[in-house]
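Novice: Give the three-dimensional model of this entry:
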Amino acid sequence: MRSGLAKPALLLLCLTLACAAPQLLAKKKEKDKDLASSASEQKRAVHALNRLTFGPRAGDLQQVMAVGVDRWIDLQLHPEKVPDRAVESRLAPFRTLRMSSREMVEEFPDGQMIKHVMDGKRSLPSDPAKRAVFQVQIARLQERKEEKKDRKGTDTAVQIAAAPRREPDPPSASETAKTAPEIAAAAAFSADAAGNAPTEGNSVNSMSTSSSSNSTNASDSAVAHKPSAADDAEARRLEDRLYADLEVQKLVDLPPDQRYKKVLSMPAEQQIAFADLIRGGKGQEFLTGLEPEQKETLLAMNNPQAVIVDELVQAKLLRAIYSERQLEEVMSDFWFNHFNVFINKGADRVLLTSYEQDVIRPRALGKFEDLLVATAKSPAMLFYLDNWLSVGPNSMQALGIPARPGPYRPRRYPPFPRPNPSAKRKSGLNENYGRELMELHTLSVNGGYSQRDVTEVAKVFTGWTIDKPNEGGGFKYEPRMHEPGPKFVLGHRIKPKGEDEGREVLHMLATSPQTAHFISLKLAQRFVSDDPPPALVDRMAKTFKNKKGDIREVLITLFHSPEFWADGTYRAKVKTPLEFVASAVRATGADVDDATPLANRLSGMGMPLYGAQPPTGYSMKAETWVNSSALLNRMNFAIALTAGKVRGAKVDAAQLAGGPPPPSDATLTLSTMEAKLLAADVSKQTHDSIEAQIAPPPKTAVSQSDAKTQQDKTAQSKPVVARPPDASMIAGLLLGSPEFQRR
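Specialist: Residues are numbered from 1 along each chain as shown. Okay, here's the model as predicted:
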């Protein structure tokens, strides 16, 4: 009975399975497709994070996949929709970021301002903190002047002493008639003046020669052994430094407010020594707990304008590391590099903060023409490329024609105004900005312009100047400096209309097809590859022209292109030093409370922030940054960062390894960190290479007698506890890997 029932049941089961098999197979295929799609989406998310940000942080990948890659990109293209409170709180202590250029000059004066106060041309500030900064700088300036004066006096004395003595002329007939006593008395007087008495028995001539020789030796001795004013000044400085060193040690234990007040009450000479001391490690300890304004004041005693530069540099790094508006930061860096200004050129130390914050950043995703005009009128750019000094050869200023009262009314030219024959004629036409405007900012080096076009554009921008740049002044159009008459640029006649001539030329260049292609090429080089596909660049240039230079629209074309998502572009771009340092800090989750040491590391890698001296800025191409020395510097930085040896940046390597407590197995630690730092996308070669580095040394073969002896020793000794793997070393090796070097 059972056997009879079993057969139909088995047959029914087989039939059911046969019917269900296609459905099960279809579900499996769908599941495999979903897995493949999920893997593909994860790769897209990693790629987007690597290109649109300064590198992914822990949790960013999951967040992007939850929102959706395309939706996340759209949010980054509209930074105003992304809250950024975390970075705002980190930037809050940097007061200079909220100051105008004029305010910065008043609180952090340059040498010219200090000299004006010292010479009585300006009064000392009434605020005690500002006054202290001026007093220390004035004391420093006076000290240098005294040193220079003492040095000059000492050098003169040495020259006089070392000068060859001219032998006396033979005595004349009248001198020969002198009596022997008179000659002897004269010789004695000469010898006594030199501190030497003549010896008995010497002739008169020998006494004169001896006197001359002894006089020379005495002078040399006096110069060599007599303490100079410079020696006294050096002794005083040493004494002040010793006093300041002792004071720093004593004051560190006081509450911050008392520390600050004690320094302000020091004499200027001791404040100078104190300012020199706080630059080192002791300085960080001394400044701990002070209010931002108090810190700035004490640091300004050492170098006022270095405070402005330091806060600007730190802010750039902190924004790159912590900002949620990552694409805005990437584009701000891109445009600053495109419209580069060197920070160490005089007044640009003060003008650059406003240049980046008020000119570049607000327009980073806007219209290119707006950005071009803003940079052209920026005091930082005008000062950097010397256009603020450019004077038209036939301008009123060059011809010495005095200014007339009342508003300026441009005349029709020709004829030119009659020159003043008594005035000194000077041209002063500067072509720097005209050349860089076309070569680097718009048309490119092969943009089809000539040297004549450069000269004509330079004439157009005469009169675009700055109102007192060393006092933080703004843009000013000065008609007396402007070259009169029509200009001819790229085959177009520019009618005489003063400042508006410049606007017309900027519009012509911003809307040029060559500019559309050049800007699109540079954007594609930043986001796709060093040599981007020409078809992609052409499509971007078409969008640029159709959308009137809308940068956001050009980027949308780029980010939705198949070339951007092609397999060949995945981790194909080598990171610049800035991108590498920022991505390493972001990936490790380091807490940065002082970004200056990170900036110093960047300088060591050949990329000091705001430190590109030529107008070309820094290269985005791999060939500039890939060499053995540069890669060694990167590896050293990575290992120092994860080992906690970069001051101001704290990394929890144990947490990166999956702890606490950290895993006891090195292979498991490596796998965990590969997932966190590189989304588990590491080549077998890199994995095996790091594993070989962290694996324990292989055991060597031993004889039976040695083995027995070793066993006896082991039995008698305490049990050996296995050391956990070095998580910081593993993290550093991964940051130095080829996969992490590329984005």
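Novice: any low-confidence regions in this protein?
Specialist: 1-39, 151, 153-245, 247-248, 279-282, 404-427, 696-723 (pLDDT under 70).
Novice: any idea how far the residue nearest in space to the middle of it is from residue 676?
Specialist: In the chain, the residue lying closest to the centroid (Cα atoms, centre = their mean) is residue 609, at 1.4 Å. Taking Cβ to Cβ, to the nearest Å as the measure, residue 609 falls 28 Å from residue 676. Yep, even glycine has a C-beta here, placed from its N, CA and C like the rest.
Novice: quick revisit: pretty sure the residue nearest to the centre of the chain contacts residue 315?
Specialist: No - using Cβ atoms under 8 Å, residue 609 makes no contact with residue 315, being 9.9 Å away.
Novice: Which helix or strand contains residue 341?
Specialist: Under DSSP states H and E, no helix or strand contains residue 341.
Novice: What number of residues are in the vicinity of it?
Specialist: Residue 341: 25 surrounding residues under other Cβ atoms under 10 Å.
Novice: dump the residue contacts of the nearest residue to it once chain neighbours are set aside.
Specialist: Leaving aside its sequence neighbours, residue 341 sits nearest to residue 384 (Cβ to Cβ, 6 or more residues apart in numbering; 4.5 Å). Contact analysis of residue 384 by Cβ atoms under 8 Å, 6 or more residues apart in numbering lists 341-342, 345, 348, 615.
Novice: Alpha carbons of stretch 568-586, as CSV, please.
Specialist: What follows is stretch 568-586, C-alpha atoms only, in CSV (Å, rounded to 0.1, in the frame of the first residue of the first chain):
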residue,chain,number,x,y,z
GLY,A,568,39.1,53.4,-18.2
THR,A,569,38.5,56.5,-16.1
TYR,A,570,38.0,54.6,-12.8
ARG,A,571,41.0,55.5,-10.5
ALA,A,572,42.9,56.8,-13.6
LYS,A,573,43.8,60.3,-12.3
VAL,A,574,46.8,60.7,-10.0
LYS,A,575,46.1,62.9,-7.0
THR,A,576,47.8,66.2,-6.6
PRO,A,577,49.5,66.6,-3.1
LEU,A,578,46.5,68.7,-1.9
GLU,A,579,44.1,66.0,-3.0
PHE,A,580,46.3,63.2,-1.5
VAL,A,581,46.7,64.9,1.9
ALA,A,582,43.0,65.9,2.1
SER,A,583,41.8,62.5,1.1
ALA,A,584,44.1,60.7,3.5
VAL,A,585,42.8,62.8,6.4
ARG,A,586,39.2,62.3,5.3
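Novice: Next, the buried residues of the helix or strand where residue 89 lies.
Specialist: Secondary structure from DSSP H and E places residue 89 in helix 85-91. Using 16 or more other Cβ atoms under 10 Å as the test for burial, helix 85-91 gives 87, 90-91.
Novice: what comes into contact with it?
Specialist: Counting by Cβ under 8 Å, 6+ apart, 97, 315, 318-319, 322-324 sit against helix 85-91.
Novice: swap the cut-off to 10 Å and go again
Specialist: With contact meaning Cβ atoms under 10 Å, 6 or more residues apart in numbering, helix 85-91 is reached by 84, 97-98, 311, 314-315, 318-325, 329, 592-593, 595.
Novice: Just the buried ones from these?
Specialist: 84, 97, 311, 314-315, 318-325, 329, 592, 595.
Novice: Out of these, which two are the most distant from each other?
Specialist: 311 and 324 (21.4 Å; Cβ to Cβ).
Novice: what's the helix or strand that contains residue 558 packed up against?
Specialist: Here residue 558 is covered by helix 551-559, with elements defined by DSSP H and E. Where contact means 3 or more Cβ pairs under 10 Å, 6 or more residues apart in numbering; DSSP states H and E, helix 551-559 is packed against helix 2-52, helix 69-77, helix 326-338, helix 368-377, helix 513-527, helix 534-546, helix 562-565.
Novice: what is the orientation angle of that helix with helix 326-338?
Specialist: 110 degrees (axes from the mean of the first three to the mean of the last three Cα atoms, to 10 degrees).
Novice: Which positions in helix 551-559 come out as buried?
Specialist: 551, 553-559.
Novice: Identify the contacts common to residue 609 and residue 315.
Specialist: residue 595.
Novice: Endpoints of stretch 544-559, how far apart?
Specialist: End-to-end distance for stretch 544-559: 14 Å, by Cα to Cα, to the nearest Å.
Novice: My error: substitute stretch 344-363 in the last question.
Specialist: 24 Å.
Novice: Now find how far off-centre it is within its chain.
Specialist: Distance, stretch centre to chain centre, for stretch 344-363: 13 Å (Cα atoms, centre = their mean, to the nearest Å).
Novice: repeat for stretch 671-687
Specialist: Worked out by Cα atoms, centre = their mean, stretch 671-687 lies 31 Å from the chain centre.
Novice: For the contacts of residue 384, which single residue is the most surrounded?
Specialist: Result: residue 341 is most packed of those (other Cβ under 10 Å), 25 neighbours.
Novice: Next, that residue: phi, psi?
Specialist: Per-residue torsions, residue 341: phi -130, psi 130 (degrees, to the nearest 10).
Novice: got the domain boundaries for this protein?
Specialist: 95-148+230-310, 311-511, 516-569, 574-695+721-743 (automatic domain parsing).
Novice: So for residue 73, which of these sits nearest?
Specialist: domain 516-569 (5.5 Å).
Novice: now, which of the buried ones among the contacts of helix 85-91 lie within helices?
Specialist: 311, 314-315, 318-322, 329 (DSSP state H).
Novice: out of these, which one sits closest to residue 505?
Specialist: The closest of those, once distances to residue 505 are taken by Cβ to Cβ, is residue 329, at 31.1 Å.
Novice: For that closest one, list the residues it contacts.
Specialist: By Cβ under 10 Å, 6+ apart, the contact list for residue 329 reads 52-54, 79, 84, 87, 316, 319-323, 361, 364, 582.
Novice: Try it again at 7 Å.
Specialist: The contact partners of residue 329, taken as Cβ atoms under 7 Å, 6 or more residues apart in numbering, are 54, 319-320, 323.
Novice: distance of residue 593 from residue 119?
Specialist: Residue 593 is 41 Å from residue 119, by Cβ to Cβ.
Novice: So which residues of the stretch 401-550 of the chain form strands?
Specialist: 464-466, 475-477, 487-489, 492-494 (DSSP state E, counting those that start in this stretch).
Novice: Residue 113 reaches residue 106, doesn't it?
Specialist: No - the pair residue 113 / residue 106 is not scored as a contact, 8.2 Å apart, by Cβ atoms under 7 Å.
Novice: more crowded one of the two?
Specialist: residue 113 (20 against 16).
Novice: roughly how far is the helix or strand hosting the more buried one from the heart of the chain?
Specialist: Assigned by DSSP H and E, residue 113 belongs to helix 111-118. When distances are taken as Cα atoms, centre = their mean, helix 111-118 is centred 27 Å away from the chain's centroid.
Novice: Run through the neighbouring helices and strands of that helix.
Specialist: helix 128-162 (3 or more Cβ pairs under 7 Å, 6 or more residues apart in numbering; DSSP states H and E).
Novice: Between the domains of the chain, which one is closest to residue 65.
Specialist: Closest among the domains of the chain, using Cβ to Cβ: domain 574-695+721-743, at 10.9 Å.
Novice: So what's the residue count around residue 450?
Specialist: Residue 450 has 9 nearby residues by other Cβ under 10 Å.
Novice: Which strands and helices lie in contact with the helix or strand containing residue 692?
Specialist: Taking DSSP H and E as the definition, residue 692 sits inside helix 684-694. Under the contact definition 3+ Cβ pairs under 7 Å, 6+ apart, helix 684-694 sits against helix 666-678, helix 727-735.
Novice: show me the contacts for residue 350.
Specialist: Neighbours of residue 350 in contact, by Cβ under 7 Å, 6+ apart: 101, 104-105, 305, 308, 472.
Novice: No further questions, thank you.
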